[in-house]
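Asker: sequence first, then the predicted structure, then my questions.
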Amino acid sequence: MNINATLIGQSITFFLFVWFCMKFIWPPIMHAMDVRKKQIADGLAAGERGRHELELATKRATSDLHDAKLKAGEIIAQAEKRASQIVDEAKDAARDEADRIIAAAQASVGQEVVRAREALRSQVAELAVAGAEKILRREIDAKAHADLLTAIENEL
Amino acid sequence: MATETLTSSEYIRHHLTNLTYGKLPDGNWGIAQNADQAKEMGFWAVNIDSMGMSIVLGLFFLLVFSSVAKSAKQGVPSGLQNFVEIMVDFVDNSVRGSFSGKNPLVAPLALTIFVWIFLMNLVDLVPVDWIPHLAIALGVPFFRAVPSTDPNITFGMSLDVFLMVVFYSIKMKGLGGFLGELAFQPFGKAGLPANLFLEGVNLISKPVSLALRLFGNMYAGEMIFILIAIMFGAGVGVGMFGGALQWAWAVFHILIVTLQAFIFMTLTIVYLDMAHQAHH
């Protein structure tokens, strides 16, 4: 337990060891640890960012889907409206056409009726005259009864 | 090993004698053959055992840590690198917690102190007779295996810490600032002698307390191991009791070994922090 030159030896050794540690041990280890710390932090941040992006994308997808549904509903409603419109238009057109056809038919029927009546009237008159002629040829003078005959003919 | 040829006091004395190299009484340089010879060598002698163990352990620390430093991977660390990084991180946290200034020396200094002193103290857990007996078998008369039980070693380290404290005090505050702190605090200019005395004691007590705390703890621990070892020679019953005691003390000593290394490191950081800060 004597104090001797070991003291100085230990002092010098200590200084050398500390110097060596400061020069060759501490900086590379700290550097490696810092780099790794940064890598881990970056990785965690990237993971967090990815999760956030996924969340955003999910939200966007949901809203897109919602929009699409709305739009589809709108389109369907529009189409239905248009279809009923077309049907209505078609009905109107058909009704008009029908009315026109009916009117034309009625007109032609009327014409036919008039024509037939005219024909019949003249034929009946002729027949009546012919019948009357046959009767009167034997009984009366045609000239004497002409007024009567004309009156009858006008009544028909 | 208390045998018939060796009394207890001789046994203890043998365990407490360093392997000292210096000038022998006959004028030649050589290894002291007993404690008295070692004492007569005076200051210019070297304790080969504590010096050697200290250097070997320090080199072991430097080799292990520098091998990791050289191959330090930035990816996932494994095995030894993991362990080294835990130590570095632990020391780094201690320094960050206690040292407010900016000095690239402090953290490596703290790491060296902690690991080196821890390794030196750890030799205390090797059963006290193993290394000296090995030394005797190799023809070496004495061998104190635990360097931190040699005050030369602890004072050698605390002296360096003291020099650094003085150096950084002067570097940060200037010579005038350093001397002013010694002379004009805490009582102002009027109480200069009292100030010098108080601050002087304060300054000197730092290295002394550092060295004596470590030395005292380890010396006492070693002493208890030696006393327990004496019991092994005193019959089967006492020997077994001694064995149990040895185990219990060794377990407790693991705590002391770590704690003393930690205290030395922390106080060094604190002293250097004080050296970097101006008093208000």
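Answerer: Alright, I've got the coordinates.
Asker: how about low-confidence regions in chain A?
Answerer: A:1, A:137, A:139-142, A:144 (pLDDT under 70).
Asker: kindly report the residues of it close to chain B.
Answerer: Applying C-beta under 8 Å from any C-beta of the partner chain, we find that chain A lies next to chain B at A:1-11, A:13-15, A:17-18, A:20-22, A:24-33, A:35-36, A:39. No exception for glycine: its C-beta is placed from N, CA and C like everyone else's.
Asker: so which residue of chain A comes closest to chain B?
Answerer: A:Gln10 (2.8 Å; C-beta to the nearest C-beta).
Asker: Three-state assignment for that residue, please.
Answerer: helix (DSSP: H, G, I helix; E, B strand; the rest coil).
Asker: cool, and the one 4 residues further on?
Answerer: On the three-state scheme (three-state DSSP), A:Phe14 is labelled helix.
Asker: pretty sure it is touching B:Thr154, no?
Answerer: No. If you go by C-beta atoms under 8 Å, A:Phe14 and B:Thr154 don't touch, sitting 10.8 Å apart.
Asker: which of the two has more neighbours?
Answerer: B:Thr154 (30 against 23; other C-beta atoms under 10 Å in any protein chain shown).
Asker: quick one on the thing from earlier: dump the residue contacts of the residue of chain A closest to chain B.
Answerer: B:51, B:54, B:152-153, B:155-157 (C-beta atoms under 8 Å, 6 or more residues apart in numbering or on different chains).
Asker: turn those residues into a markdown table, including neighbour count, distance to chain A and pLDDT.
Answerer: Shown next, in a markdown table, are the contacts of A:Gln10 (neighbours: other C-beta atoms under 10 Å in any protein chain shown; distance: C-beta to the nearest C-beta, whole Å; pLDDT from 0 to 100):
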| residue | neighbour count | distance to chain A | pLDDT |
| --- | --- | --- | --- |
| B:Met51 | 24 | 5 | 91 |
| B:Ser54 | 30 | 6 | 93 |
| B:Asn152 | 27 | 4 | 91 |
| B:Ile153 | 30 | 5 | 92 |
| B:Phe155 | 23 | 6 | 93 |
| B:Gly156 | 27 | 3 | 92 |
| B:Met157 | 31 | 5 | 93 |
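Asker: and the residues you listed, which of them are in helices?
Answerer: Judged by DSSP state H, the subset of the contacts of A:Gln10 located in helices is B:51, B:54, B:152-153, B:155-157.
Asker: helices of the chain, residue ranges please.
Answerer: Let's take chain A. Under DSSP H, chain A gives helices at A:6-20, A:26-139, A:146-155.
Asker: not what I meant, chain B
Answerer: Secondary structure of chain B (DSSP H): helices at B:8-15, B:35-40, B:48-70, B:80-98, B:106-122, B:130-137, B:151-184, B:192-231, B:236-276.
Asker: what comes up buried for the second one?
Answerer: What that stands for is helix B:35-40. Across helix B:35-40, burial judged by 16 or more other C-beta atoms under 10 Å in any protein chain shown covers B:35, B:37-38.
Asker: what's the answer for stretch B:40-55, then?
Answerer: B:41, B:45-55.
Asker: burial count for B:Ser71?
Answerer: Neighbours around B:Ser71, by other C-beta under 10 Å: 11.
Asker: what does the model give it for pLDDT?
Answerer: Predicted confidence (pLDDT) for B:Ser71: 82.
Asker: what's the closest non-adjacent residue to it?
Answerer: Counting by C-beta to C-beta, 6 or more residues apart in numbering or on different chains, B:Gln81 is the residue found nearest to B:Ser71 once chain neighbours are left out, at 7.6 Å.
Asker: look at the one you found and say how many residues are nearby.
Answerer: For B:Gln81, using other C-beta under 10 Å, the count is 19.
Asker: okay but it is in contact with B:Lys73, surely?
Answerer: Yes. Contact criterion C-beta under 8 Å: B:Gln81 and B:Lys73 qualify, at 6.8 Å.
Asker: between those two, what contacts are shared?
Answerer: Joint contacts of B:Gln81 and B:Lys73 (C-beta under 8 Å, 6+ apart) do not exist.
Asker: residues contacting B:Gly221?
Answerer: By C-beta under 8 Å, 6+ apart, the residues touching B:Gly221 are B:124, B:249, B:253, B:256.
Asker: would CSV of these with neighbour count be doable?
Answerer: Listed next are those as CSV, based on neighbours: other C-beta atoms under 10 Å in any protein chain shown:
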residue, neighbour count
B:Asp124, 23
B:Trp249, 16
B:His253, 21
B:Ile256, 16
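Asker: and those residues as TSV, adding distance to B:Ser205 and pLDDT?
Answerer: What follows is those, written out as TSV (distance: C-beta to C-beta, whole Å; pLDDT from 0 to 100):
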residue	distance to B:Ser205	pLDDT
B:Asp124	26	89
B:Trp249	30	92
B:His253	27	92
B:Ile256	22	92
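Asker: wait, isn't B:Met51 in contact with A:Gly9?
Answerer: Yes. Counting by C-beta under 8 Å, B:Met51 touches A:Gly9, with 5.2 Å between them.
Asker: common neighbours of those two, please.
Answerer: By C-beta under 8 Å, 6+ apart, the residues touching both B:Met51 and A:Gly9 are B:Asn152.
Asker: I am finished for the moment; much appreciated.
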